[in-house]
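> Return a 3D structure for these sequence lines:
(chains A and B)
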2 protein chains.
Amino acid sequence: MSDAIRKPDAACMVDAFRAVVGDAHVLTRPESVEGYLTDWTGQYRSSALAVVRPASTGEVAELVRLCNAHDIAIVPQGGRTGLCGGGVPVAGRESVVVSMTRMNAVRSLDVGGRTVIAEAGVILETLHEAALKHDLVFPLMFGAKGSCTIGGNLSTNAGGSNVLRYGNARELCLGIEAVMPDGSIINALTGLRKDNTGYDLKDLLIGAEGTLGIITAAVLKLVPTPKARSTAFLSVVTLEAALAVLNRLQDHTGGGVEAFEYMPQAAVDVICEVFPAINRPLEGAVATGILVEVASTRSSDAIEMHDGVIRLEAEIIELLGELMDEGLVLDAMLAQSGQQRTDLWKMRESTLEAITEAGPAYHLDISLPLARIARFVEEMDAEMDGLGFQPLTVGHLGDGNLHYALSASEGHNWDALPLEIAKEKVFALLAELGGSFSAEHGIGQSKLPVMTRLKEPAQLAVMRSIKQALDPNNIFNPGKLLP
Amino acid sequence: MSDAIRKPDAACMVDAFRAVVGDAHVLTRPESVEGYLTDWTGQYRSSALAVVRPASTGEVAELVRLCNAHDIAIVPQGGRTGLCGGGVPVAGRESVVVSMTRMNAVRSLDVGGRTVIAEAGVILETLHEAALKHDLVFPLMFGAKGSCTIGGNLSTNAGGSNVLRYGNARELCLGIEAVMPDGSIINALTGLRKDNTGYDLKDLLIGAEGTLGIITAAVLKLVPTPKARSTAFLSVVTLEAALAVLNRLQDHTGGGVEAFEYMPQAAVDVICEVFPAINRPLEGAVATGILVEVASTRSSDAIEMHDGVIRLEAEIIELLGELMDEGLVLDAMLAQSGQQRTDLWKMRESTLEAITEAGPAYHLDISLPLARIARFVEEMDAEMDGLGFQPLTVGHLGDGNLHYALSASEGHNWDALPLEIAKEKVFALLAELGGSFSAEHGIGQSKLPVMTRLKEPAQLAVMRSIKQALDPNNIFNPGKLLP
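Numbering: from 1, shown residues only, chains lettered A, B, ... in the order given. Okay, here's the model as predicted:
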């Protein structure tokens, strides 16, 4: 008897699954299911009756009806890149993992209308490639793009570096197809830009982490490929000044800022220590480093002005000159080549790996109203320093989203540090400033305790009513999102 | 006994309302309540126990608890500019109208963070003015702006002419405060750009037409005032070609198209007949007229190139030249002054009034995937012509949103025309092409029959479950949105 298959009397359920999706797509052997039952962080490992891999929306609906009738929990699963344990079963419930990776068709791509219909199992990078063939971009962009799936992106309302310009996964989705807990299929793949015909079910399912149903396909927005781009690393005088710099850049480029990433000294130090091949973009101390990227689809922005400088870049240089004269920007490095741009992004995207390599750390994914970020960082960094922690922060500053990691300060032993007290302090200040304890990673399992503590009881009560109404048997991803 | 006050035994409820909001803010006399009980279209007139005008969220919550305890329906009301009868009571239920006009404070405006917190009763135009003082724009824009309120805008997910660039009311809202049917207050006025902590309650309440609770305040996005603008009227070769023209304009201006309004020959004819002071922007027949406006916050776009032409306009002229060479655009008129721009917009905004003046008509507010609009118009115009109707169409073409009005063709008597057959044909083709029977006006009372017929039963079932779960006594705006 394998560890993964818990109930010997489950054999007939497994047979029923086989009848729906075919023998080859119901996995039960420990070595086959192992990967599906362990989450990316390695923190959550569990068991399941089986891993089932449906090939169509009809098959998903049949599986859901079966599970609903027999009280078997359904754990929808995409590329398993979530960071909160949302994609693996919890203990105590007979579960089946429904892996969506076989539903990986790009059903259609409308070049003129700039939309694409993708199934839940399409890998994000595959969609990028499909769009690029038509000189279009699907602008959801982050590190896990090579393995995460569209279904997971939508179920967690994924963010990333381009949210500032194009929005979260939610804003990029025009319509969905989904299977609800009673096995009914919602077919809303219309791709309409305006549709006011009843409650917004699309946005209810997006970000619900598979607890209200399973998204099987979606209509997504595409945008044109930029013709000109400019990438720079800035040393800004203070974090508070960074907001003014962002607004000036936005206005000066007509809203062309694609990324505005906060990379303070401490984070850059760790990255350059762990990865000696990565060079500091600016000499000397850079307290408030900002990686900024601006892009434009205007062909006039790609015109060479002089010395090979394109107009978009010339305008950025002009603005940076002004900002330096005003004392807002202290120093700046403009990427002069594709390689230099790649290097800057490599530095940014190595952050999580570098912090993980450097030693133990506790990762917070928080957001704040833009105008309160500076106050949060200033107050909290001082508090953390007093407790023996070294905060290693990077963030999508334009979205008010900080990845705030706590590591041990020099001379402190991680295991002796008061992590619970530190977390309390972070959460207390977040609550005071109207911030969020989960900006883009979601709740999953790992953030249930803080959800209980910090989410307004009135909102939790409404969420529980909705869950109870739509999934009365609690079969969809139990033990996730709702405490 | 007045007609408006139906139940003599309701006196004690009215007293209870007075205790909450003060005597002066509970209206019961027929001449005082008359205006609150008749909708803008004049089609819906009803009675109520009283019109109550709370001044705070706490007062709203008290009123809701009272009504919930005594089975009195609550009809949330803003500026009464809705077109579907959503803001007035229905017959058969003891109702109270909760007019939000006293909750009209702009609570705060964050210039750096570019957000504003406005109460539900703030008039849209008042918010425009408040933002403009800081050189910012709240980009929700349509004819009713002088009387509609933010609460109504959000409850109906209002659209308008700038949706193409800035989105519907939904996309402009970062957070809400609301009173739920049990009288609990949801306080989610945080203004965060990223927050993945449970179900998206904000988007559930937006567009719910007051059937799930009452929005009392909202955090809204502001955008910078454009520094340059260019407005033109184009004669495009076919409606199908208009989508290509839109995409070319978008790319050429870096996504700067603020409006792309479809004004075909028949609509322009009616407008110019009813309002002789309005001049045709182009000589001769213009089958596919497009009113386009482009704007930019880039100061470089406002630089004068030659003959007083600013750079943005020079680039538009250059592109129009290309589009003419390619045969996509046949003729174009560029607004040379603020007055010419105003005239173009006056023409566009006179459409509804002109059609109403010209004679009886049935108004449809529909949307389609962009790539299918041309087919819809071509097929449907021919069908309607065969039935004796003259379609008068204008639309927010960039959003796929057509205001499709059916009037009597010359020589036909409106009362003898087969309107029901015509509606059937429109709805059938909409369903076939994946369109919507309500793009931006919502459902209210008037579209309940088509909601029953055309909305997918699985989606209606989910909506009913949500309504039942959150408002088990059906006290919030009964008889609206859900058939």
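> Going by C-alpha atoms from here, please, whenever you check contacts or count neighbours.
Will do.
> ok, now how distant is whatever residue of the stretch 351-483 of chain A ends up closest to chain B from residue B:360?
Of the stretch 351-483 of chain A, the residue with the smallest distance to chain B, taken as Cα to the nearest Cα, is residue A:439 at 4.3 Å. Residue A:439 sits 52 Å away from residue B:360, going by Cα to Cα, to the nearest Å.
> same check, this time on residue A:394
62 Å.
> Neighbour count for these two, which is higher?
Using other Cα atoms under 10 Å in any protein chain shown as the criterion, residue A:394 and residue B:360 rank with residue A:394 on top: 24 against 15.
> can you give me the helices in the stretch 251-400 of chain A?
Assigned by DSSP state H, counting those that start in this stretch, the stretch 251-400 of chain A shows helices spanning A:265-274, A:311-325, A:338-349, A:351-358, A:373-387.
> what about the closest residue to residue A:349 other than its chain neighbours, distance to residue A:163?
In this structure, residue A:349 finds its nearest non-sequential neighbour in residue A:143, 6.8 Å apart by Cα to Cα, 6 or more residues apart in numbering or on different chains. In this view, residue A:143 and residue A:163 are 14 Å apart by Cα to Cα.
> Would you mind telling me which of these two has the busier surroundings?
Between residue A:143 and residue A:163, residue A:163 has the larger neighbour count (other Cα under 10 Å), namely 24 against 13.
> Correct me if wrong: the more buried one contacts residue A:140.
Yes. Residue A:163 is in contact with residue A:140 according to Cα atoms under 8 Å; the separation is 7.5 Å.
> By proximity to chain B, which residue of the stretch 101-250 of chain A wins?
Relative to chain B, the nearest point of the stretch 101-250 of chain A is residue A:195 (4.3 Å; Cα to the nearest Cα).
> Tell me, how many residues neighbour the closest residue to that residue other than its chain neighbours?
Leaving aside its sequence neighbours, residue A:195 sits nearest to residue B:439 (Cα to Cα, 6+ apart; 4.3 Å). Using other Cα under 10 Å, residue B:439 is surrounded by 27 other residues.
> what's the answer for residue A:58, then?
Residue A:58, neighbours per other Cα under 10 Å, totals 16.
> Check which helix or strand it maps to.
Following DSSP states H and E, one finds residue A:58 within helix A:57-69.
> Tell me which helix or strand in chain A has the weakest average pLDDT.
strand A:304-306 (a mean of 87; mean pLDDT, DSSP states H and E).
> That strand close to chain B?
No. Contact of strand A:304-306 with chain B (Cα under 8 Å from any Cα of the partner chain) is absent, the minimum separation being 14.2 Å.
> neighbouring strands for that strand, and are they parallel or not?
In the sheet, strand A:304-306 lines up against strand A:309-310 (antiparallel) (DSSP bridges).
> Now tell me what touches the partner strand from outside.
By Cα atoms under 8 Å, 6 or more residues apart in numbering or on different chains, the residues outside strand A:309-310 that reach it are A:228, A:301-304.
> roughly how far out does that strand sit from the chain middle?
Centroid separation for strand A:309-310 versus its chain: 33 Å, with Cα atoms, centre = their mean, to the nearest Å.
> Same question for stretch A:100-110.
Computed by Cα atoms, centre = their mean, the separation of stretch A:100-110 from the middle of its chain amounts to 21 Å.
> need the strands for the stretch 1-150 of chain A, in chain order.
Taking DSSP state E, counting those that start in this stretch as the criterion, the stretch 1-150 of chain A contains strands spanning A:26-27, A:50-52, A:73-77, A:95-99, A:106-110, A:115-119, A:136-137.
> Using TSV, please lay out those strands together with mean neighbour count and mean pLDDT.
Formatted as TSV, the strands of the stretch 1-150 of chain A follow (neighbours: other Cα atoms under 10 Å in any protein chain shown; pLDDT from 0 to 100):
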stretch	mean neighbour count	mean pLDDT
strand A:26-27	23	98
strand A:50-52	27	98
strand A:73-77	28	98
strand A:95-99	25	98
strand A:106-110	15	97
strand A:115-119	26	98
strand A:136-137	20	97
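> Save those as a markdown table, and put in distance to residue A:367 too.
Converted to a markdown table, those look like this (distance: least, Cα to Cα, whole Å):
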| stretch | distance to residue A:367 |
| --- | --- |
| strand A:26-27 | 39 |
| strand A:50-52 | 35 |
| strand A:73-77 | 26 |
| strand A:95-99 | 31 |
| strand A:106-110 | 33 |
| strand A:115-119 | 30 |
| strand A:136-137 | 27 |
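> a markdown table please, covering those and showing distance to chain B.
Output for the strands of the stretch 1-150 of chain A, formatted as a markdown table (distance: least, Cα to the nearest Cα, whole Å):
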| stretch | distance to chain B |
| --- | --- |
| strand A:26-27 | 28 |
| strand A:50-52 | 25 |
| strand A:73-77 | 17 |
| strand A:95-99 | 22 |
| strand A:106-110 | 8 |
| strand A:115-119 | 9 |
| strand A:136-137 | 11 |
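> and the residue lying farthest from the centre of chain A, what are its bridge partners?
Most distant from the centre of chain A: residue A:306, at 39.7 Å, with distances by Cα atoms, centre = their mean. Beta-bridge pairing of residue A:306 under DSSP bridges involves residue A:309.
> From chain B, how far out is it?
Computed as Cα to the nearest Cα, to the nearest Å, the residue A:306 to chain B distance reads 17 Å.
> So the spatially closest residue to residue A:288 that is not a sequence neighbour versus residue A:346, what's the distance?
Spatial nearest neighbour of residue A:288, excluding adjacent residues (Cα to Cα, 6+ apart): residue A:264 at 4.8 Å. Distance, residue A:264 to residue A:346, by Cα to Cα: 16 Å.
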